[in-house]
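K.L.:
Would you be able to build a 3D model of this:
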Amino acid sequence: MYDVIIVGAGIVGLATAFRLSERNPDVRLVILEKESAPACHQTGHNSGVIHSGIYYKPGSLKALNCVKGYHQLLAFCRLYNIPFDICGKVIVATQRDQLPLLERILERGLQNGLNGVRKISSAEIQEKEPYVTRAVAGIWVPQAGIINYRQVALQLAELIAQKGGRLQYGAHVLHIRQDSSEIIAQTTAGDFRSRLLINCAGLYSDTIARFTVPQLDMRIIPFRGEYYRLKKEKEYLVRNLIYPVPDPNFPFLGVHFTRMIQGGIEAGPNAVLAFRKEGYRLSDFQLREFAEILAWPGFRKLALKYWKTELKELHRSFSKAAFVKALKNLVPSIEEHDLEPGGAGVRAQAVDRWGNLVDDFLILEGNRVLNVCNAPSPAATSSLAIGEHIADVALPKLHQLGANPA
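P.N.:
Modelled structure (predicted):
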């Protein structure tokens with residue numbers, strides 16, 4: 001019998017286990033992961049940006065945990081010698097009608113306590129990024145940086161094991177049932193019993209949640225983000241991080257340029273519906289999962305609201321020229337032949353029954369279960385703070401349930 005089962009060995013699940021074992025070394029915990037290693041999905045496929053917290057509504061879980069988690073992440077990396085680079089980024093307005101949105105982003109950054117964030121002129125932008133030549137104005141965000149989150153996840157996994165936690169790979173959760181004294185996770189690696197279960201399953205968080213919350217009013221809709229890479233001889237076009245002013249109605253930041261900590265420059269991502277939850281390629285398709293997406297009334301309502309936006313994103317998926325056209329808004333001199341295919345990631349985006357994109361982190365609390373049901377970007381930056389928040393809820397709950405931890 002364990003005190004805690006954690007489903008999912010992505011960075012949020014690992015950070016949660018780490019914080020629990022840090023707070024109380026006597027906690028008996030196991031992480032169930034269906035893959036053969038940690039960080040195989042969202043954590044291992046993101047662009048490696050350390051987010052500052054500038055975009056998020058003040059007081060929201062995203063804002064609070066991103067700003068707090070940012071400092072915790074940097075301290076963790078310094079302690080364990082994980083490379084990172086706080087290089088800063090520019091958010092670029094290329095049209096005058098974007099200026100009110102730019103001001104709104106700046107105001108949010110200031111309300112979220114970001115020091116040194118400021119509006120800059122087109123001339124100042126060119127000092128930082130010489131090939132951004134169409135800017136009207138911009139925001140300088142000195143806190144932004146780059147990192148390899150897989151390295152963070154591997155370090156967390158090592159520390160959890162050192163503290164006595166168990167990482168069970170190849171354990172695909174098939175069902176969860178609970179009674180008055182325990183909760184049982186039935187998996188391909190056998191049954192696991194505990195007093196409390198924490199669902200950090202990312203793309204499958206809704207599937208896991210529905211075992212104990214049958215009337216769950218959200219579903220995870222997978223959006224694939226596709227990247228190109230600048231060819232080596234064209235990397236001089238981008239020094240660090242260049243972002244557009246995002247669409248305020250869509251929870252994606254638009255195609256942008258990112259210098260990678262391991263070298264190279266990524267361009268992207270777009271945001272297109274994936275035809276399965278782990279659909280990293282356009283050809284990836286699973287009938288059952290795709291049918292579940294189409295059957296969700298929230299998705300159909302969402303599609304009606306954003307069909308024009310999604311058609312544009314899909315066009316970029318099929319057309320390199322359309323992708324480059326979006327990039328030219330930021331770096332006009334870039335051409336199709338400057339890019340080569342890069343990787344792809346899938347964002348686990350919660351959509352409620354009424355067709356709303358869930359904008360904030362979403363954690364649902366039950367008697368013996370905590371379901372982390374929406375933790376897309378900036379969850380990697382925020383992970384240690386999210387883990388701390390979950391530990392603050394879980395440890396008193398364990399005490400109430402009669403486990404050893406106080």
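K.L.:
Look at N367 and report its pLDDT.
P.N.:
Here, the pLDDT recorded for N367 equals 89.
K.L.:
Ignore what I typed, I meant F318.
P.N.:
Predicted confidence (pLDDT) for F318: 86.
K.L.:
Can you verify my assumption that R300 contacts Y306?
P.N.:
No - counting by Cβ atoms under 8 Å, no contact exists between R300 and Y306, whose distance comes to 11.5 Å. For the C-beta atoms, the positions are set from N, CA and C on the backbone; glycine is no exception.
K.L.:
who has more neighbours, these two?
P.N.:
The neighbour count for R300 versus Y306, taken as other Cβ atoms under 10 Å, is higher for Y306 (17 against 12).
K.L.:
what helices or strands is the helix or strand hosting the more buried one leaning on?
P.N.:
Assigned by DSSP states H and E, Y306 belongs to helix 297-318. In terms of contacts (3 or more Cβ pairs under 8 Å, 6 or more residues apart in numbering; DSSP states H and E), helix 297-318 is packed against strand 218-230, strand 272-273, helix 320-328, strand 339-352.
K.L.:
what residues does the lowest-mean-pLDDT helix or strand in the chain touch?
P.N.:
Taking mean pLDDT, DSSP states H and E as the measure, the helices and strands of the chain show their lowest mean at helix 297-318, namely a mean of 87. Counting contacts by Cβ atoms under 8 Å, 6 or more residues apart in numbering, the residues outside helix 297-318 that touch it are 218-219, 221, 224, 226, 247, 249-250, 255, 270-273, 282, 293-294, 322-323, 326, 351-357.
K.L.:
from those residues, which would you call buried?
P.N.:
Neighbour counting with 16 or more other Cβ atoms under 10 Å marks 218-219, 221, 224, 226, 255, 270-273, 293, 323, 326, 351-352, 355, 357 as buried within the contacts of helix 297-318.
K.L.:
follow-up on the earlier one: as JSON lines, the helices and strands packed on helix 297-318 with distance to I261 would be great.
P.N.:
JSON lines is the format used below for the helices and strands packed on helix 297-318 (distance: least, Cβ to Cβ, whole Å):
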{"stretch": "strand 218-230", "distance to I261": "14"}
{"stretch": "strand 272-273", "distance to I261": "26"}
{"stretch": "helix 320-328", "distance to I261": "21"}
{"stretch": "strand 339-352", "distance to I261": "14"}
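K.L.:
Nearest to Q155, out of these?
P.N.:
Ranking these by their distance to Q155 (criterion: Cβ to Cβ) puts strand 339-352 first, at 20.8 Å.
K.L.:
Parallel or antiparallel, list what pairs with the very next helix or strand once past the closest one.
P.N.:
Sequence order places strand 362-365 as the next helix or strand after strand 339-352, per DSSP H and E. Note on strand 362-365: by DSSP bridges, its sheet partners are strand 369-374 (antiparallel).
K.L.:
what angle do the strand it pairs with and strand 218-230 make?
P.N.:
40 degrees (axes from the mean of the first three to the mean of the last three Cα atoms, to 10 degrees).
K.L.:
List of residues touching strand 369-374?
P.N.:
By Cβ under 8 Å, 6+ apart, the residues outside strand 369-374 that reach it are 12, 176, 178, 183, 196-200, 205-206, 208-209, 212-213, 216, 218, 220, 348-350, 358, 360-365, 386, 390, 393-394, 397.
K.L.:
run the last query once more with 7 Å
P.N.:
Contact partners of strand 369-374, identified using Cβ atoms under 7 Å, 6 or more residues apart in numbering, comprise 12, 183, 197-200, 205-206, 209, 212-213, 218, 350, 358, 361-364, 390, 393-394.
K.L.:
residue ranges with poor pLDDT in the stretch 251-400 of the chain?
P.N.:
251 (pLDDT under 70).
K.L.:
again, only this time at 80
P.N.:
Under the criterion pLDDT under 80, the flagged ranges of the stretch 251-400 of the chain are 251-253, 309-310.
K.L.:
again with the stretch 101-250 of the chain
P.N.:
By pLDDT under 80, the weakly predicted segments of the stretch 101-250 of the chain are 247-250.
K.L.:
need the strands for it, in chain order.
P.N.:
Read by DSSP state E, counting those that start in this stretch, the stretch 101-250 of the chain holds these strands, from start to end of the chain: 118-121, 137-141, 145-147, 166-169, 173-178, 183-187, 190-199, 218-230, 241-244.
K.L.:
Which of those sits closest to L159?
P.N.:
Taking the strands of the stretch 101-250 of the chain one by one with Cβ to Cβ, strand 166-169 is closest: 11.2 Å.
K.L.:
Which neighbouring elements make contact with the closest one?
P.N.:
Packed against strand 166-169, as judged by 3 or more Cβ pairs under 7 Å, 6 or more residues apart in numbering; DSSP states H and E, are the following elements: strand 29-33, helix 149-162.
K.L.:
Format those as a markdown table; extra columns: distance to K119 and mean neighbour count.
P.N.:
Shown next, in a markdown table, are these (distance: least, Cβ to Cβ, whole Å; neighbours: other Cβ atoms under 10 Å):
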| stretch | distance to K119 | mean neighbour count |
| --- | --- | --- |
| strand 29-33 | 44 | 25 |
| helix 149-162 | 30 | 20 |
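K.L.:
Perfect, I'm done here.
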